[in-house]
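Student: Quick one, fold the following:
(chains A and B)
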Amino acid sequence: MSDKARAAEGFAARKDSEAASTEQPRSALRFAVPLAVFIGLAAFLFVGLGLNPREVPSPLVGKPAPTFQLAQLAQPDQTFSPSQMQGQVWLLNVWASWCVACRVEHPLLVELARTDTVPIVGLNYKDKRDPALGWLAQLGNPYKLSLMDTDGRVGLDYGVYGVPETFVIDKQGVIRFKQIGPVTEEAWRKKMFPLVQQLRKS
Amino acid sequence: MSVARFQWMLILISLFSGAALSAKPLAKPDAVATHRAAGLAEQLRCLVCQNQTIAESSAELAVDLRREIGEQIQAGRSDEQILDFMVARYGDFVLYRPPLKSHTFLLWFGPALLAMTALAAFARALRNRRRRLSDTPLSSAEQAEAERLLGNPGDAKL
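Tutor: Coordinates of the predicted model:
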């Protein structure tokens, strides 16, 4: 019998003299079970600390990107539809001039455009044309083109609820990944860029 | 009734009365449609604020979704179709009442399972306790001590 178990037994015996004689193996359990339950609970809570409740898994991942036809921001007389990107791996980035968090990811997007890493199409979500154009002029335009989703209807079809959001869409037009919130350096390096490279090969 | 919900009903009423004024008999709203819209809005989670329904929330997304519900009701779609529309875009999380699926089994039955386990453990502890209290005979030393304390060695039977 270990010291711990003996101590446990002694404690139990002092507390309840009848129990000590009949329940030697149980008195160790008396400590082991609550300890195990506590460790289990603590493990769950610890994992929970690292989860982001804002990241709701999108049901659209693995499904074809919803089709739409929208006017382009720079040339409103011309439209764009996702089918025009068929055969390419591309990003659909939802942004707006009123969106503060969009400024966080913007330098990264500009860098991606400068190095010609992947074509980025902007979905200018619930914005007005003039401030949107001004925003691009001021901060740089990483977009192959931007589309005006003035009433947010296309955003609704894409399940957008927190701008910025970025979709990785493959050659067949299937959504492969959705980044909710700014594209961070880490998210790009660890998740999105490897995915883009892998999708290019297939 | 929360202020937010009251506001939203006002918005809805004004929206529908606007439609009525434009004299389209087909689009004429009725109490049933308003009631349905409110009922649906109460079942859907606002993803921006997460702990509010889209009926309660004043976030822009909630306003858009309420508008969408109103329009879809006008277009003659069923409640089920509208909920499916939302789930297809935002996932099961948008539903306040999670659907019963294999991966939501614990969510639905976990509390009942825990309660049953606790009750079983409690019943077991009670049974053990009763057995310990009744079945353990006194040792001869304890018997002697009891007799000494009671001061009547001949008659004491415990």
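Student: Just name whatever secondary elements the longest helix seen in chain A is in contact with.
Tutor: Criterion DSSP state H: the longest helix present in chain A is helix A:24-49. Packed against helix A:24-49 by the contact rule (3 or more C-beta pairs under 8 Å, 6 or more residues apart in numbering or on different chains; DSSP states H and E) you find helix A:3-15, helix A:17-22. Glycine gets a C-beta too; all of them are placed from N, C-alpha and C.
Student: distance between the following helix or strand past it and the chain's centre?
Tutor: Downstream of helix A:24-49, the first helix or strand assigned by DSSP states H and E is strand A:70-71. Distance of strand A:70-71 from its chain centroid, counting by C-alpha atoms, centre = their mean, to the nearest Å, is 27 Å.
Student: Next, work out how far apart residue A:82 and residue A:176 are.
Tutor: Taking C-beta to C-beta, to the nearest Å as the measure, residue A:82 and residue A:176 are separated by 14 Å.
Student: Return the residues of chain B in contact with chain A.
Tutor: With C-beta under 8 Å from any C-beta of the partner chain as the criterion, chain B meets chain A at residues B:47-48, B:50, B:60-61, B:64-65, B:68, B:87-93, B:132-133, B:136.
Student: Buried ones only from the residues you listed, please, as a PyMOL command.
Tutor: Buried subset of the residues of chain B next to chain A, written as a PyMOL selection, criterion 16 or more other C-beta atoms under 10 Å in any protein chain shown:
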select buried, chain B and resi 47+61+64+65+68+87+89+90+91+92+93
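Student: Looking at the residues of chain B next to chain A, which are in helices?
Tutor: B:60, B:61, B:64, B:65, B:68, B:87, B:88, B:89, B:90, B:132, B:133.
Student: Using TSV, lay out these together with distance to residue A:112.
Tutor: Shown next, in TSV, are these (distance: C-beta to C-beta, whole Å):
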residue	distance to residue A:112
B:60	29
B:61	28
B:64	30
B:65	32
B:68	33
B:87	33
B:88	30
B:89	27
B:90	28
B:132	72
B:133	75
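Student: shaky segments in the chain?
Tutor: In the absence of a named chain, chain A is used. Along chain A, the model assigns pLDDT under 70 to residues A:1-26.
Student: hm, I was asking about chain B
Tutor: Within chain B, the segments meeting pLDDT under 70 span B:1-29, B:135, B:152-158.
Student: Domain ranges for the chain, per the record?
Tutor: You didn't pick a chain, so chain A it is. Domain assignment for chain A, taken from automatic domain parsing, gives A:3-49, A:70-201.
Student: nope, chain B
Tutor: Split by automatic domain parsing, chain B gives B:3-99, B:103-150.
Student: wait, is residue A:166 part of a helix?
Tutor: No - with DSSP: H, G, I helix; E, B strand; the rest coil as the criterion, residue A:166 is assigned strand and is not in a helix.
Student: tell me the contacts of it?
Tutor: By C-beta atoms under 8 Å, 6 or more residues apart in numbering or on different chains, the contact set of residue A:166 is A:91, A:92, A:93, A:94, A:105, A:178, A:179, A:183, A:192.
Student: Looking at those residues, which is nearest chain B?
Tutor: Chain B lies nearest to residue A:178 out of the contacts of residue A:166, by C-beta to the nearest C-beta, at 10.7 Å.
Student: The closest residue to that closest one other than its chain neighbours - how many residues pack around it?
Tutor: Counting by C-beta to C-beta, 6 or more residues apart in numbering or on different chains, residue A:178 lies nearest to residue A:58, which is 4.5 Å off, once chain neighbours are set aside. Counted with other C-beta atoms under 10 Å in any protein chain shown, the neighbours of residue A:58 add up to 22.
Student: Could I get the phi/psi values of residue A:58?
Tutor: Torsion angles at residue A:58 (phi, psi; degrees, to the nearest 10) stand at phi -80, psi 130.
Student: Just to check, it is in contact with residue A:179?
Tutor: No - using C-beta atoms under 8 Å, residue A:58 is not in contact with residue A:179, being 10.0 Å away.
Student: which SS class is the spatially most central residue of chain B?
Tutor: Taking C-alpha atoms, centre = their mean as the criterion, residue B:97 is the residue nearest the geometric centre of chain B, at 7.2 Å. Of the three states, residue B:97 takes coil according to three-state DSSP.
Student: Run through the residues that contact it.
Tutor: Contacts for residue B:97 (C-beta under 8 Å, 6+ apart) come out as residue B:43.
Student: circling back: mean neighbour count, the domains of chain B: which tops it?
Tutor: Sort the domains of chain B by mean neighbour count, taking mean count of other C-beta atoms under 10 Å in any protein chain shown, and domain B:3-99 sits at the top with a mean of 16.
Student: Spit out the contact partners of residue B:87.
Tutor: Contacts of residue B:87 (C-beta under 8 Å, 6+ apart): A:59, B:94, B:95.
Student: Tell me which of the domains of chain B lies nearest to residue A:165.
Tutor: Nearest of the domains of chain B to residue A:165, taken as C-beta to C-beta: domain B:3-99 at 11.3 Å.
Student: hey, what's in contact with both of residue A:82 and residue A:176?
Tutor: residue A:169.
Student: So which of those two has more stuff around it?
Tutor: More neighbours surround residue A:82 than the other of residue A:82 and residue A:176, with 22 against 18 (other C-beta under 10 Å).
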